[in-house]
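Novice: Predicted model and sequence below, questions to follow.
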Amino acid sequence: MNSTSMQLSPVQLNPIGFVESPYDEKFSVPRQPNLVAEGKGILHLVPPYNSPDAVRGLEQFSHIWLMFQFHHIPERDWHATVRPPRLGGNERVGVFASRATHRPNPLGLSKVKLEEVVVENGEVYLKLGSVDLVNGTPIFDIKPYIAYADSEPDAVSGFAQDKPKRKLTVVFSEEAQQAVKFCQNFAKFGIKQPLTFIRDVIAQDPRPAYQQGKVSDRIYGMNLAGYNIRWKIENSEQVLVLSIE
């Protein structure tokens, strides 16, 4: 097809809502939505999309697709190849053969569990299961997950065929165990076991691939539900959570 005939006007996308999640920064976000069970989210729809009519019938679906923006990714030139963490950060594949956040357009797609559709006091919001979205993520569209069309039990998924295993064992200092008792924000996200939640996030090893498997004296920090979680690598397989501030 002639490239001239393919020239289109720019498309303006308006967020229909924003996600509230316990992940305050990109570093803490799981690489897929089903890796941290307690890391749930809430999608708040905004005017004029917060109409009860717009979500009528959505409660009949157990899962939904969310189209979103990688809004914490700095603007920079995209590259045709990337280094997926699942391949150790050493092997390159095409950007379109990956789910890398740096893309020609900063758009993502996530399948999440829909736990409840809430319409009250002029607000419309969706309670979601575990998410892989930073707090404040703009959502551009919602589509129902349709099992007969979307599920492919025999699908081949290249280098990501199997669910990743936990890479690290996480233990907590006495200080961290005591501090979490006074942290009220976790309940806001329906997190009943904050230590389990923190453990599951860190166990995936959120460090860049080139740092994984290595031991250093570095103290890492990540923000979860408004708290700064400080931890260090004790050995190649174990993390010690030092404090929850």
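Specialist: Okay, I see it. Residues are numbered from 1 along each chain as shown.

Novice: Helices along this structure, start to end?
Specialist: 147-150, 174-179, 185-188, 194-203 (DSSP state H).

Novice: mind listing what's buried in the last one?
Specialist: Using 16 or more other C-beta atoms under 10 Å as the burial criterion, the residues of helix 194-203 that qualify are P194, L195, F197, I198, R199, D200, V201, I202, A203. C-beta: built from backbone N, CA, C; applies to glycine.

Novice: With just CA atoms, put it into PDB.
Specialist: This file holds the C-alpha atoms of helix 194-203, laid out as PDB (Å, rounded to 0.1, in the frame of the first residue of the first chain):
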ATOM      1  CA  PRO A 194       0.600  -6.300  54.400                       C
ATOM      2  CA  LEU A 195       3.700  -8.400  55.100                       C
ATOM      3  CA  THR A 196       2.500 -11.100  52.600                       C
ATOM      4  CA  PHE A 197       1.900  -8.300  50.100                       C
ATOM      5  CA  ILE A 198       5.300  -6.800  50.500                       C
ATOM      6  CA  ARG A 199       6.900 -10.200  50.400                       C
ATOM      7  CA  ASP A 200       5.200 -11.100  47.100                       C
ATOM      8  CA  VAL A 201       6.300  -7.800  45.500                       C
ATOM      9  CA  ILE A 202       9.900  -8.100  46.400                       C
ATOM     10  CA  ALA A 203      10.100 -11.900  45.800                       C
END
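
Novice: elements contacting that helix?
Specialist: Helices and strands touching helix 194-203, by 3 or more C-beta pairs under 8 Å, 6 or more residues apart in numbering; DSSP states H and E, are strand 169-172, strand 219-224, strand 227-235, strand 238-244.

Novice: Could you point out which of those sits nearest L58?
Specialist: Ranking those by proximity to L58 (C-beta to C-beta) places strand 219-224 first, at 28.7 Å.

Novice: Check which helices and strands the closest one sits against.
Specialist: helix 194-203, strand 227-235.

Novice: Let me know which of these is the nearest to S130.
Specialist: Across these, closest to S130 is helix 194-203 (C-beta to C-beta), at 9.4 Å.

Novice: quick one: contacts of that closest one?
Specialist: Residues from elsewhere that reach helix 194-203 (C-beta atoms under 8 Å, 6 or more residues apart in numbering): 22, 28, 30, 35-39, 166-170, 172, 177, 180, 183, 186, 191, 222, 224-225, 229, 231, 239, 241, 244.

Novice: And for stretch 237-245?
Specialist: Residues contacting stretch 237-245 (C-beta under 8 Å, 6+ apart): 167-173, 175-176, 179-180, 183, 198, 202-203, 219, 227-234.

Novice: which among the residues you listed end up buried?
Specialist: For the contacts of stretch 237-245, a burial check counting by 16+ other C-beta under 10 Å picks out 167-168, 170, 172, 176, 179-180, 183, 198, 202-203, 227, 229-231, 233.

Novice: of these, closest to P138?
Specialist: For the buried ones among the contacts of stretch 237-245, the nearest to P138 is Y227 (24.1 Å; C-beta to C-beta).

Novice: returning to what we had before: lowest-confidence stretch among the helices of the chain?
Specialist: Mean pLDDT per stretch puts helix 185-188 lowest among those, at a mean of 88.

Novice: Centre of the chain to it, how far?
Specialist: 18 Å (C-alpha atoms, centre = their mean, to the nearest Å).

Novice: Give me the contacts around that helix.
Specialist: Residues contacting helix 185-188 (C-beta under 8 Å, 6+ apart): P22, V180, P194, F197, A225, G226, Y227.
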